[in-house]
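Trainee: prediction below, plus the sequence it came from.
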Amino acid sequence: QGNMAFTGKYEFEGDENYDDFVTKIGLPSDKIEMGRNCKIITEVVQNGNDFTWTQHFPGGRTTTNTFTIGKEADMETMGGRKFKATVKMEDGKIVADFPNYHHTAEISGGKLVEISTASGAVYKRTSKKIA
């Protein structure tokens, strides 16, 4: 069974340190503008250690990552780059190393809190549960 705490639909609520982070990971300026205060809807389906993690962007673009905790999976970044990663679970947090940043996700106070770190820049995105 495992912990089903992540399953749900979450809407972007706010973020911290966006510009510093996206500059550090080398996102082009048009993508930076597009992503600023972007009302991303994140949909998570958790079945034990299996996850389907979908991000719906305004304008109809969708990114879906399907992974199993502890197993290598094909993933895609915010900027559309594809890579392989092994997602881990540490203290109830999902932990993944992307090509140019370290990412964690956790449910805290009923919200989805995601933290990405690149070259000393820490980006925090909070989403509230809507379903």
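Mentor: Thanks, I have it.
Trainee: by mean pLDDT, point me to the weakest helix or strand of this protein.
Mentor: When the helices and strands of the chain are scored by mean pLDDT, DSSP states H and E, helix 29-35 comes last with a mean of 84.
Trainee: tell me which element the closest residue to residue 128 other than its chain neighbours falls in.
Mentor: Excluding its sequence neighbours, the residue lying closest to residue 128 (C-beta to C-beta, 6 or more residues apart in numbering) is residue 13, at 4.7 Å. Any C-beta I mention is one placed from the backbone N, CA and C, and that applies to glycine too. According to DSSP states H and E, residue 13 maps onto strand 8-16.
Trainee: what residues sit buried inside stretch 13-31?
Mentor: Buried residues in stretch 13-31, counted by 16 or more other C-beta atoms under 10 Å: 15, 17, 18, 21, 22, 24, 25, 27.
Trainee: what does stretch 99-112 give?
Mentor: 101, 103, 104, 105, 106, 107, 112.
Trainee: hang on, residue 80 in a helix?
Mentor: No. Under DSSP: H, G, I helix; E, B strand; the rest coil, residue 80 sits outside any helix and is assigned coil.
Trainee: for the residue most central in space within the chain, list each beta-bridge partner.
Mentor: Taking C-alpha atoms, centre = their mean as the criterion, residue 114 is the residue nearest the geometric centre of the chain, at 6.0 Å. Applying DSSP bridges to residue 114 yields these beta-bridge partners: residue 105, residue 125.
Trainee: wait, doesn't it sit right on residue 107?
Mentor: No. Using C-beta atoms under 8 Å, residue 114 is not in contact with residue 107, being 10.6 Å away.
Trainee: got any ranges where this protein has weak pLDDT?
Mentor: Within the chain, the ranges that satisfy pLDDT under 70 run 1-4, 78-79.
Trainee: please redo it, this time with the cut-off set to 90
Mentor: Filtered on pLDDT under 90, the chain yields the residue ranges 1-5, 25-38, 57-61, 76-82, 97-101.
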